[in-house]
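Asks: sharing a model that was predicted from the sequence below.
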Protein chains: 2
Amino acid sequence: MQTPPLPRPSDNPRHQQVHEAVRALVREQGVQISMDAVAARAGCSKQTLYARYGSKQALLLQVLSDDGNNRATLAGTPDAATLRPRLAAFARDHLARLSQPDTIGTARLVTAQATQFPDEVRALFDTCVGGLQERLAHWLQQAMRRGLLRHDDPHFAAELLLGMIVGLDFDRQRFMFPHRDTAAQQADWADFAVDSFLRAFAPPASRA
Amino acid sequence: MQTPPLPRPSDNPRHQQVHEAVRALVREQGVQISMDAVAARAGCSKQTLYARYGSKQALLLQVLSDDGNNRATLAGTPDAATLRPRLAAFARDHLARLSQPDTIGTARLVTAQATQFPDEVRALFDTCVGGLQERLAHWLQQAMRRGLLRHDDPHFAAELLLGMIVGLDFDRQRFMFPHRDTAAQQADWADFAVDSFLRAFAPPASRA
DNA sequence: GTCTATAGCCAGATAGAC
DNA sequence: GTCTATCTGGCTATAGAC
């Protein structure tokens, strides 16, 4: 009973080659990519792409689905000693992932397709951002129950914290504006955001 | 010495008709709009558009520049009594403008063109979002100097507050996800964000 | 100035040989 | 399965009549 072949498309090296070609083109050329360019970059012909993926849309959606699983996580359970460093590490992780060129390229591409394929785009957002918010909310709820944070709606608190962490920086990237691209800059902002959040959500008892 | 004709393109009703056609198409069809569609919607021919605007890009940029001037403002100077309500009003105003269909359509279109026309897109972001952040930072700085808020970098504070106000809602709109589209929902979130911000930036003296 | 008609091009998808 | 070559449609931009 060894592991079966498990022919997941993401494991096939030929598929990875095509995916990487799409990502590179999206990074460099933005949302306007042609199947000719993908084929040339991947070193195959258009017909091969169509035989495998059926259409341009199907190919793009498969690449985007793969990219969506690249999200920060919060491990462990919060306690008084780890609350702040865990949140700070999460914030830095999140900012680092958002500043990857693939992430901003993917965001541009998905945004451009939102009107034409609302259902698929909605599903992508739900699994990526929605899942992130949900995990963060769960973690914050644990902290609230342990008296480490003031009691409030954990879902709201998670959205607020994510907004604080991102600030305007992801929009700066979207719009080609200079943004915080060094780890030091991101760490400074992450600490600023987390410190502000912890002040806003300090439990009332901590004032005594 | 009456007012001169002042032939600003935005005042010309024919231009407004074309602009409205572009906006309607962007709302409905997203980033993929053709000059044929614009001409049909505006009730003129393609050649008229090219004679007036020269190219598709020039037309789009002119429409986008017009839309960029639709931003919330903060009037007056802050004092202890008006600090919270002024910020809450600003937050509601900002959220209301962001949820307008034209705003999200414009954001999608600009994002899609960022890679091809980085300079123009950068300039748009600078005047719109950058100007908004700057005005907010100036207002917050006044509040800090009067002891209404803790002393901190007003530019950072402004970005943080804008991130809190927007949260994830503008991304929800971008990605066709259900968002806070009623005034009541937006007011609830605006109050939540502003209250959290004021707790995080309360001056240390207020604890006495 | 505004229209109809068209040139020229590019991209998505397919046909058919190997 | 993969390639070369091609079809087809739509799009930007222009030409020329009125």
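Replies: On my side now, so go ahead. The shown structure was predicted, so the numbers you read here are calculated from the model rather than taken from an experiment. Numbering: from 1, shown residues only, chains lettered A, B, ... in the order given.
Asks: do you know how far residue A:72 is from chain B?
Replies: Going from residue A:72 to chain B by CB to the nearest CB, to the nearest Å gives 15 Å. Quick note: C-beta positions are derived from backbone N, CA and C, even for glycine.
Asks: for that residue, give me its contacts.
Replies: A:90, A:93-94, A:97, A:132 (CB atoms under 8 Å, 6 or more residues apart in numbering or on different chains).
Asks: just the buried members of these?
Replies: A:90, A:93-94, A:132 (16 or more other CB atoms under 10 Å in any protein chain shown).
Asks: pull the most distant pair out of those.
Replies: Pairwise distances across the buried ones among the contacts of residue A:72 (CB to CB) peak at 10.9 Å, for the pair A:93 and A:132.
Asks: contact partners for residue A:115?
Replies: By CB under 8 Å, 6+ apart, the neighbours of residue A:115 are B:28-31, B:108, B:176.
Asks: that older thread, quick one: which of the contacts of residue A:72 is nearest DNA strand C?
Replies: When the contacts of residue A:72 are ranked by distance to DNA strand C (CB to the nearest atom of the strand), residue A:97 comes first, at 28.0 Å.
Asks: that closest one touches residue A:107, doesn't it?
Replies: No. Here residue A:97 lies out of contact with residue A:107, judged by CB atoms under 8 Å, at a distance of 11.5 Å.
Asks: related to what we said a few turns ago, adding distance to DNA strand C, pLDDT and secondary structure, write the buried ones among the contacts of residue A:72 out as a markdown table.
Replies: As requested, the buried ones among the contacts of residue A:72 are exported to a markdown table (distance: CB to the nearest atom of the strand, whole Å; pLDDT from 0 to 100; DSSP: H, G, I helix; E, B strand; the rest coil):
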| residue | distance to DNA strand C | pLDDT | secondary structure |
| --- | --- | --- | --- |
| A:90 | 38 | 98 | helix |
| A:93 | 34 | 98 | helix |
| A:94 | 32 | 98 | helix |
| A:132 | 31 | 97 | helix |
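Asks: if we can go back for a sec, would you turn the contacts of residue A:72 into a markdown table with distance to residue A:146?
Replies: Listed next are the contacts of residue A:72 as a markdown table, based on distance: CB to CB, whole Å:
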| residue | distance to residue A:146 |
| --- | --- |
| A:90 | 17 |
| A:93 | 23 |
| A:94 | 23 |
| A:97 | 28 |
| A:132 | 22 |
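Asks: tell me which of the residues you listed is nearest to residue A:204?
Replies: residue A:90 (24.6 Å).
Asks: still on that earlier bit, near chain B too, which of the contacts of residue A:72?
Replies: Among the contacts of residue A:72, no residue sits close to chain B (CB under 8 Å from any CB of the partner chain).
Asks: what's the angle from whichever helix or strand residue A:185 is part of to helix B:183-200?
Replies: Under the criterion of DSSP states H and E, residue A:185 resides in helix A:183-200. With axes from the mean of the first three to the mean of the last three CA atoms, to 10 degrees applied, the angle from helix A:183-200 to helix B:183-200 works out at 100 degrees.
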